[in-house]
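Make a model of this:
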Amino acid sequence: MLVQGLTLTIIGMLVVFIILVLLVFVMKLLSAVVFRFFPEPEVPVQAQQSAGNVEIAVAIAAAYAKKNQ
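Here you go, the predicted model:
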């Protein structure tokens, strides 16, 4: 009785493991197919405004100065 239970448990775990491995391979294959036929469009990168960076630097400096008072 105990041997049958262990055999059933091992067979069940092997079946689940095989199904999960197959699922991983199918998902990788599906991902490759989707990216091959439907690639993501490239979005051009625009340069950031340097004035915005200066304002951020001033705000950080002001916060640092306030902290150290």
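
packing partners for the lowest-mean-pLDDT helix or strand in the chain?
Lowest mean confidence among the helices and strands of the chain (mean pLDDT, DSSP states H and E): helix 50-67, at a mean of 84. Other helices and strands packing on helix 50-67, by 3 or more CB pairs under 8 Å, 6 or more residues apart in numbering; DSSP states H and E, are absent; none qualifies. Every C-beta, even on glycine, is put in place using the N, C-alpha and C of the backbone.

what distance separates it from the middle of the whole chain?
33 Å (CA atoms, centre = their mean, to the nearest Å).

now stretch 32-48
On CA atoms, centre = their mean, the centre of stretch 32-48 falls 17 Å from the chain's centre.

how much space between residue 57 and residue 23?
50 Å (CB to CB, to the nearest Å).

I should have written residue 1 there, sorry.
Counting by CB to CB - residue 1 and residue 23 are separated by 33 Å.

what about the two, which has more around it?
residue 23 (10 against 5; other CB atoms under 10 Å).

what mean pLDDT does the longest helix belonging to the chain have?
Ranked by residue count and defined by DSSP state H, the top helix of the chain is helix 2-37. Model confidence over helix 2-37, given as mean pLDDT, is 96.

From the contact counts, what lies against it?
Secondary elements touching helix 2-37 (3+ CB pairs under 8 Å, 6+ apart): none.

So what's the gap between that helix and the chain middle?
Remark: helix 2-37 is offset 21 Å from the chain centroid, using CA atoms, centre = their mean.

likewise stretch 41-61?
26 Å.

Please apply the same query to stretch 55-68.
That offset, for stretch 55-68, works out to 34 Å (CA atoms, centre = their mean).
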